[in-house]
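Asker: 3D model of this:
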Amino acid sequence: MRQRNRGRAALAATAAMCAVAALPGQAYAAGEPAAYAFDPAAQTVRGAEVSTDASALKPGSVYRSSIKPGEKLYYRLELDAATNAYVSAVVVPKAGGKVAYGDGITVSVRDSTDLQCSSEAARFQAAEFPHPIAAYAYRVTDKDSNTCQDAGTYNVLIERESKATSTPDAWDLELRYESEPKLKKGGTAPTEAPEDWPSASPTPPTQAKKGERPGGTSYYDATSLETGTWRDGIEPGQTLFYRVPVDWGQQIFATVDLGNSVGGSNEYVGNALALSLDNPARGHVDASPLSYSGKPASVSLDPLPPVRYENRFTFSADESAMRFAGWYYLSVSLSPEVAKAYGNKAIPMTLKVQVENAATTSPYEGSAGIFGVTPEADKSTTMKMVGAAGIGAGAVLVLGLGAWTLLARRRTAAAAGGQQPYGGPPQAW
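Answerer: Numbering: from 1, shown residues only. Here you go, the predicted model:
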């Protein structure tokens, strides 16, 4: 019996090692940053050039598609007359390509008569180099509006614009369709955005946590952070993803400090780094660029309002995007141009995150889904799988080190006793 159990453990260990080796998005060529980790649950869908040929998207689902220069692609939604629907598109250009200022996509939701419900553009601007960018569009119900309020067929239209000087390759797309929960029965939400809110950066708490947290490669495997100061390193051409729980009534502040180069070079690289924030529906909130000349440099997000349902009624796009609670996504991208002056070695980076205020009550009825702060696992998905397989402590240690190496993308692991990154999607209630 003991021999049989040993055999089972060996098989489980082998299977788990294979699973660790196949973690999504961790494949890379020598000397290149890890690839974007697409959600493994994503279904492949082809956009249609004619609206009547469009494939239907289902709420709560994620899809993988692509778009070529100049294409206008349709996807279909079937909506009732009461549900708010959000569709996001993450653009993933191929590494090593070229983009120009203004390249990007526009996402819009339209009714059956082609009236636009909403739209948002994701464009390469100051950070004029290939890296993932995101935008969303939505249909929201409004008793004071006569547009996009009926039940029926709606279209999602994604349009790509690329300059003649840009690489003509197709861009990968990660599409996500989410329905916003209904408000509590008998409850009434304000219909005007607040005019006043704290806009000064707060003083960091003296007891804030500190540590090493290597970032993820995508929204799917983003590393979770809380208020604190977190160390990492970023390579030229790399985009690192982190997520922060921001509940109702809470306000997020974020700063990136980039360390100096040890090589002694002081060559100036304009808009070398981009710090970006997206909301739980992958809607763009804000972005701040940073130039680099081999010396310590710092960039912060502009102050944003606390999360409130009524923020959606403001005309300011960044403030309107702070309309629901959940996991907000920070991404940091470093231009491949930095390598020409400073080499391919990772540049030390510190990410300072601060979430202010106590959480207030959710306005939704029942489960909020992604529009609420869900619990976070203390171990990676891989380690949960290993535990479920019943592997011994020694095998778990070996597998944990393997997973850590992959998640850190060949960079030096955290010092002994340091915390490992919390990767994988947030847990559901």
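Asker: Identify the residues contacting residue 289.
Answerer: Neighbour list for residue 289: 126, 127, 271, 273, 274, 275, 299 [criterion: CB atoms under 8 Å, 6 or more residues apart in numbering]. (Each C-beta comes from the backbone N, C-alpha and C, glycine too.)
Asker: Nearest residue to the fourth one in space, please, no chain neighbours.
Answerer: In this case it means residue 273. residue 290 (4.2 Å; CB to CB, 6 or more residues apart in numbering).
Asker: And residue 166, its phi and psi?
Answerer: When read as degrees, to the nearest 10, the backbone of residue 166 gives phi -80, psi 160.
Asker: My read is that it contacts residue 98, right?
Answerer: Yes - Residue 166 is within contact range of residue 98, at 5.6 Å (criterion: CB atoms under 8 Å).
Asker: Wasn't residue 370 part of a helix?
Answerer: Yes - under DSSP: H, G, I helix; E, B strand; the rest coil, residue 370 falls within a helix.
Asker: Give me the nearest residue to it, chain neighbours excluded.
Answerer: Nearest non-adjacent residue to residue 370, counting by CB to CB, 6+ apart: residue 280, 4.9 Å away.
Asker: what's the pLDDT at the most centrally placed residue in the chain?
Answerer: The chain has residue 219 as the residue nearest its centroid, 3.5 Å off, counting by CA atoms, centre = their mean. pLDDT, residue 219: 97.
Asker: just checking, the residue nearest to residue 370 touches residue 371?
Answerer: Yes - between residue 280 and residue 371 there is a contact under CB under 8 Å: 6.0 Å.
Asker: what residues do the two have in common as contacts?
Answerer: Taking CB under 8 Å, 6+ apart as the contact rule, residue 280 and residue 371 both touch 324, 325, 326.
Asker: Rebuild these as a markdown table, extending it with secondary structure, neighbour count and pLDDT.
Answerer: Listed next are the shared contacts of residue 280 and residue 371 as a markdown table, based on DSSP: H, G, I helix; E, B strand; the rest coil; neighbours: other CB atoms under 10 Å; pLDDT from 0 to 100:
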| residue | secondary structure | neighbour count | pLDDT |
| --- | --- | --- | --- |
| 324 | coil | 28 | 96 |
| 325 | coil | 27 | 97 |
| 326 | strand | 23 | 97 |
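Asker: And what about the residue lying closest to residue 114 once chain neighbours are set aside, helix, strand or coil?
Answerer: For residue 114, ignoring the flanking residues on the chain, the nearest one in space by CB to CB, 6+ apart is residue 155 at 7.8 Å. What three-state DSSP gives for residue 155 is strand.
Asker: list the contacts for residue 155?
Answerer: 51, 54, 74, 75, 76, 77, 109, 110, 111, 112, 114 are the contacts of residue 155 under CB under 8 Å, 6+ apart.
Asker: same question, residue 182
Answerer: By CB under 8 Å, 6+ apart, the neighbours of residue 182 are 82, 83, 364, 365, 366.
Asker: Just give the closest residue to residue 59, not the sequence neighbours.
Answerer: In this structure, residue 59 finds its nearest non-sequential neighbour in residue 179, 4.3 Å apart by CB to CB, 6+ apart.
Asker: Check residue 152 too.
Answerer: Nearest non-adjacent residue to residue 152, counting by CB to CB, 6+ apart: residue 112, 5.9 Å away.
Asker: did I read that right, residue 311 in a helix?
Answerer: Yes - if the criterion is three-state DSSP, then residue 311 is within a helix.
Asker: now it: how far from residue 317?
Answerer: Between residue 311 and residue 317 the distance is 11 Å, computed by CB to CB, to the nearest Å.
Asker: Those two: which has the busier surroundings?
Answerer: residue 311 (22 against 12; other CB atoms under 10 Å).
Asker: just to revisit the earlier point, count of residues packed around the residue nearest to residue 370?
Answerer: Number of residues near residue 280 (other CB under 10 Å) recorded here: 27.
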